[in-house]
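A.B. asks: give the three-dimensional model of this entry:
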Amino acid sequence: MDQVSLLIILTAALVTPLVMAKFKLTVLPTAVVEILVGILLGPSILNVVHSNNTLSLLSNTGVIFLMFLSGMEIDFSLFGRRKRPQTPLAAKVAGSAPRYSPVFLAVTSYAVIIVCALLLGFICQWTGLFKDPWLAAIIFMTISLGIVIATLKEKELLSKPFGQTVLLIAALGEIVPLFSLTIYASVFGNSSKSLWLLLLVFLAAGVLFRRFKPFFTFFESINKSTTQLDIRLAFFLIFSMVVIAESVGAEGILGAFVAGIVMKLLQPQEDTRVRLDGIGYGFFIPIFFMMSGAELNLRTLLADPATLLLIPAFFAAYLLAKVGVYFVLRLRFKRSNAFAGTAITATTITMVLAVLQVAKTMKVVTPQQSGAFLLAAILTCVLGPLLFNTGYSAEAEDLKKSTVHFIGTNLLTVPVAQQLADSWYDITMYTDKAANYKTYNSEVNVELLDSLEVADAEQKDAFDADIVVLGHFNATKNFELAKAAKAYGVNRVIARFEDRNILDEREDELIDLGIEVYNTPNVNIAMLRSLIETPTTLRLLTSSTSAVYEVALRNRRYTDQAIHSLDFVGDVTISQIFRGGHFVRPTGATTLKFNDRIIFTSTPEKAREIRRELGILN
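C.D. replies: Presented below is the predicted three-dimensional model:
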């Protein structure tokens with residue numbers, strides 16, 4: 001019978017995402033659907049799945065693995081203080097930056113959530129809804145980091161200030177309740193071990209981090225498909241930290257969460273993260289979610305009038321605990337987005353399940369109360385993403401184009417500037433020649449410089465750009481301006497050098513500074529060679545309907561996908577992939593990796609759309 005229940009659960013885990021994809025059920029997170037499927041299969045409706053030792057073991061492993069992966073989601077660099085500007089351009093950008101940073105907004109928002117959760121916890125005690133205000137407060141302050149991340153990824157917001165703010169609030173919504181739960185269990189639980197022993201968990205984490213810090217710098221040279229050393233390390237970290245945590249009287253989920261943080265700080269490769277996600281979300285975690293639903297008996301719960309009162313009361317408490325987030329987000333973001341951010345932070349399920357599991361062990365929650373907490377949490381996961389998706393719209397700061405400044409107006413630079421102006425670029429050209437200013441000002445945005453001296457260029461804000469192109473014929477001036485632009489803090493500087501003698505003398509210095517160099521003879525030679533080796537090159541480069549483009553793959557939605565499975569594969573031809581310092585000649589089965597530089601041909605309209613899609617950090 002044990003095997004039959006397991007087979008049914010595994011079959012449901014396979015069929016559920018297929019059905020969701022078939023009927024395009026994107027409103028509900030997968031985790032919520034899996035809990036609902038568990039309710040369907042359990043005693044509430046069909047009664048074909050029953051809890052047993054095997055499923056309990058796999059379910060417990062699932063929650064441990066879920067907390068481990070949640071720990072790996074935390075990006076602690078976001079909590080760091082703003083670095084002091086090191087360059088004049090960085091100082092200008094910092095000076096024009098919004099007053100409130102994502103870190104300030106997130107910390108303030110979560111402080112408000114804590115206060116509201118505590119008030120609601122004591123209100124529950126005062127009204128008799130739930131006798132333990134501290135446990136209620138911990139549950140009300142939880143936020144589902146996994147659902148928030150999935151929703152932000154869907155909207156491609158993780159690299160935006162709004163997305164970073166909401167992500168930090170959600171991260172705090174898992175970190176703070178988890179540590180609060182550990183302290184709660186130590187103070188009110190049956191364990192006689194001292195609270196200070198919890199420090200041993202973090203001491204062990206520090207030792208493991210220092211011991212394995214150099215691991216990923218050499219394991220590639222000894223790793224084989226039959227060893228999978230990085231995955232073995234992950235499981236070693238998980239169960240080492242779980243055993244240590246439980247040995248000192250803490251909860252195993254705390255150890256798993258800290259193990260995830262250690263793994264994240266070890267900086268594994270993207271492939272490692274993908275395989276761990278595959279193990280967790282492919283096997284253990286769906287069993288945990290489905291068994292959470294299967295262990296509910298809605299017939300019994302809903303037959304109790306007290307439970308029917310608890311569900312809407314707890315649902316309202318989940319929402320009210322997050323209401324204050326709206327007013328904090330309004331300090332920087334518009335009304336609709338502040339509302340959307342508040343709605344998505346109200347979603348909670350993962351930590352609620354973990355807290356309830358501990359509460360059941362401590363016997364401080366009844367089955368009716370546990371079921372009410374869980375059902376109310378499911379309702380937040382239905383409402384939150386729905387309100388977010390309908391309420392969010394792009395902030396003005398997210399629509400800013402890349403700024404490109406050309407110094408030098410001539411027959412080489414002006415056509416390039418005109419073509420880029422039609423794309424996702426804000427173009428300004430600078431010239432010291434009044435005749436050129438009069439000639440080209442009507443065709444493209446041109447500013448007149450008094451001279452090509454560095455001081456004049458800075459005074460006219462010529463270096464206030466993401467990319468500066470030095471296209472003047474005077475190689476000496478280009479050299480001086482390129483160095484000045486780099487020192488000013490420009491991210492990319494492209495300089496033209498037609499005088500080969502000057503370039504030979506100074507090329508090493510330019511490369512060391514990170515300045516990109518080109519000259520017409522070299523370009524012509526490379527073009528002629530390409531024409532001989534690949535006769536269609538010139539047609540591709542000069543075609544008005546198709547051209548060559550390059551993009552760095554930053555959107556994790558497309559990592560580890562085969563080229564033939566891309567949605568837009570019919571609109572592009574990928575000719576080369578630059579990966580790890582080497583070119584890869586792609587086929588349809590070639591799998592894309594994070595930070596691949598993809599060289600492809602497409603129409604200008606499609607290329608703009610595809611470059612934005614692939615290049616978004618997500």
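
A.B. asks: could you list the low-confidence segments of the stretch 451-600 of the chain?
C.D. replies: For the stretch 451-600 of the chain, the stretches flagged by pLDDT under 70 are 500-504, 526-527, 530-531, 533-548, 580-581.

A.B. asks: neighbours around Ala417, how many?
C.D. replies: 23 (other Cβ atoms under 10 Å). Placement of C-beta: from N, CA and C, glycine included.

A.B. asks: part of a helix, is it?
C.D. replies: Yes - secondary structure assignment places Ala417 in a helix (DSSP: H, G, I helix; E, B strand; the rest coil).

A.B. asks: domain map for this protein?
C.D. replies: For the chain, automatic domain parsing gives the domain ranges 2-398, 401-529, 546-615.

A.B. asks: ok, now which ones touch Val32?
C.D. replies: By Cβ atoms under 8 Å, 6 or more residues apart in numbering, Val32 lies in contact with Ile147, Ile349, Ile378, Cys381, Val382.

A.B. asks: of those, which is the nearest to Arg557?
C.D. replies: The closest of the contacts of Val32 to Arg557 turns out to be Ile147 (Cβ to Cβ; 16.5 Å).

A.B. asks: how about the CA coordinates for the one helix or strand that closest one maps to, as CSV?
C.D. replies: Here Ile147 sits within helix 145-154, counting by DSSP states H and E. The C-alpha trace of helix 145-154 is given here as CSV (Å, rounded to 0.1, in the frame of the first residue of the first chain):
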residue,chain,number,x,y,z
LEU,A,145,10.2,33.8,-1.3
GLY,A,146,9.8,31.1,-4.0
ILE,A,147,6.5,32.5,-5.2
VAL,A,148,7.8,36.1,-5.2
ILE,A,149,10.9,35.1,-7.2
ALA,A,150,8.8,33.2,-9.7
THR,A,151,6.5,36.2,-10.1
LEU,A,152,9.3,38.7,-10.5
LYS,A,153,11.1,36.4,-13.0
GLU,A,154,7.9,36.2,-15.1
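
A.B. asks: just checking, what packs against that helix?
C.D. replies: Applying 3 or more Cβ pairs under 8 Å, 6 or more residues apart in numbering; DSSP states H and E, we find helix 145-154 packed against helix 30-41, helix 53-73, helix 161-188, helix 335-345, helix 350-362, helix 367-391.

A.B. asks: can you rerun that using 7 Å?
C.D. replies: helix 53-73, helix 161-188, helix 367-391 (3 or more Cβ pairs under 7 Å, 6 or more residues apart in numbering; DSSP states H and E).

A.B. asks: just the mean pLDDT for stretch 12-21, thanks.
C.D. replies: For stretch 12-21, the mean per-residue pLDDT is 89.

A.B. asks: pull the residues that contact it.
C.D. replies: Thr30, Val33, Glu34, Val37, Leu41, Pro286, Ile287, Met290 (Cβ atoms under 7 Å, 6 or more residues apart in numbering).

A.B. asks: how about JSON lines for the residues you listed, with distance to Asp567, neighbour count and pLDDT added?
C.D. replies: Shown next, in JSON lines, are these (distance: Cβ to Cβ, whole Å; neighbours: other Cβ atoms under 10 Å; pLDDT from 0 to 100):
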{"residue": "Thr30", "distance to Asp567": "20", "neighbour count": "19", "pLDDT": "80"}
{"residue": "Val33", "distance to Asp567": "23", "neighbour count": "20", "pLDDT": "86"}
{"residue": "Glu34", "distance to Asp567": "26", "neighbour count": "25", "pLDDT": "88"}
{"residue": "Val37", "distance to Asp567": "28", "neighbour count": "22", "pLDDT": "92"}
{"residue": "Leu41", "distance to Asp567": "33", "neighbour count": "23", "pLDDT": "93"}
{"residue": "Pro286", "distance to Asp567": "26", "neighbour count": "25", "pLDDT": "90"}
{"residue": "Ile287", "distance to Asp567": "31", "neighbour count": "26", "pLDDT": "92"}
{"residue": "Met290", "distance to Asp567": "30", "neighbour count": "30", "pLDDT": "91"}
